[in-house]
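> requesting a structural model of the entry that follows:
(one chain, ligands or ions: 2)
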Amino acid sequence: MLNKARIAVLVSGGGTNLEALFNAQAAGALPHGEIVAVVSSNPDAFALERARRRGVPAYALPRKQLGQEAFEAALTQKLRECRADLIVLAGFLSILSADFVRRWPDRIVNVHPSLIPAFCGKGYYGLRVHQAALERGVRVTGATVHLVNEIPDGGRILLQKAVEVQPGDTPEVLQRRVMEQAEWVLLPQAVEQLSAHIAMEKEDHL
Ligand SMILES: Nc1nc2c(c(=O)[nH]1)N[C@@H](CN(C=O)c1ccc(C(=O)N[C@@H](CCC(=O)O)C(=O)O)cc1)CN2
Ligand SMILES: NCC(=O)N[C@@H]1O[C@H](COP(=O)([O-])[O-])[C@@H](O)[C@H]1O
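Ligands and ions are numbered 1, 2, ... in the order given. Next up, the predicted model:
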């Protein structure tokens, strides 16, 4: 019996990266992992609805009302309850504390919509990343999947994929292209790689 990695996905917004993970799982492209819970820092996130439609437990932990410390305490409780092995940040907009991250060494992964080290770190999220890329005039951007440490977007880079910037691009148009051509491709690949490693570790400990 394959000892799958139990994946908890943290979200804050529309959940298109979560949807890409669900689609990969349904297509058999995530054989070593299973999405067991979705937790949102924003109670209004459509990502929660995406989880509910798939019958996956979905939890809203309103970070702004709770404050970071209480949010992370509640998150830790949820992660224990679902026995998560791997945490995936998919459009998650809260910077996790060093204390929290240190409890999950090499077990938190994030997708960022640029080619790190460009346009990353505190203040660079969502459309802001693509606005900065267009203002700088880069001809190529893309997405990065990286392990998460205490430095926002400072963790070890796992995968990257380049995407062309085209004349007349708006931030919204560029964001969509980066999602379609890079984020939604890279995240399932990286999650399956990490899940396979974790699943083998779990087999070894049986
Ligand atoms: N400890 C870490 N936490 C998080 C990381 C990380 O690498 N280490 N990645 C981010 C995801 N992210 C980019 O990929 C990112 C998210 C949010 C921000 C940011 O500046 N957020 C604002 C608040 C935005 C809001 O709540 O609407 C802020 O903190 O002022 C930067 C990068 C997830 N967490
Ligand atoms: N730094 C994190 C960040 O900017 N994440 C970005 O939020 C957008 C919405 O994601 P979603 O559709 O998966 O919710 C995506 O472009 C994702 O890369």
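
> for this protein, longest helix please?
helix 184-204 (DSSP state H).

> which helices and strands sit right next to that helix?
strand 5-11, helix 16-26, strand 33-40, strand 86-89, strand 108-112, strand 140-147, strand 157-164 (3 or more Cβ pairs under 8 Å, 6 or more residues apart in numbering; DSSP states H and E). C-beta: built from backbone N, CA, C; applies to glycine.

> buried stuff in the second one?
For helix 16-26, the neighbour count (16 or more other Cβ atoms under 10 Å) marks Thr16, Asn17, Leu18, Glu19, Ala20, Leu21, Phe22, Ala24, Gln25 as buried.

> now do it: which elements does it pack against?
strand 5-11, strand 33-40, helix 46-53, helix 184-204.

> what does this structure put close to ligand 2?
For the chain, the contact set with ligand 2 under Cβ under 6 Å from any ligand atom comprises 11, 13-18, 47, 90-91, 111-113, 125-126, 129, 175, 179, 183.

> look up the closest residue to Ala190, ignoring the ones flanking it.
Nearest residue to Ala190, sequence neighbours excluded (Cβ to Cβ, 6 or more residues apart in numbering): Val145, at 4.1 Å.

> what's the pLDDT at that neighbour?
The per-residue pLDDT reported for Val145 equals 98.

> and whatever residue of the chain ends up closest to ligand 2, its phi and psi?
Minimum separation of the chain from ligand 2 (Cβ to the nearest ligand atom) falls at Gly91, amounting to 2.5 Å. The phi/psi pair for Gly91 (degrees, to the nearest 10) reads phi 70, psi 30.

> confirm for me that it is in contact with Asn17.
Yes. Gly91 lies in contact with Asn17 (Cβ atoms under 8 Å); the separation is 5.4 Å.

> overlap in contacts of those two?
Val11, Val111 (Cβ atoms under 8 Å, 6 or more residues apart in numbering).
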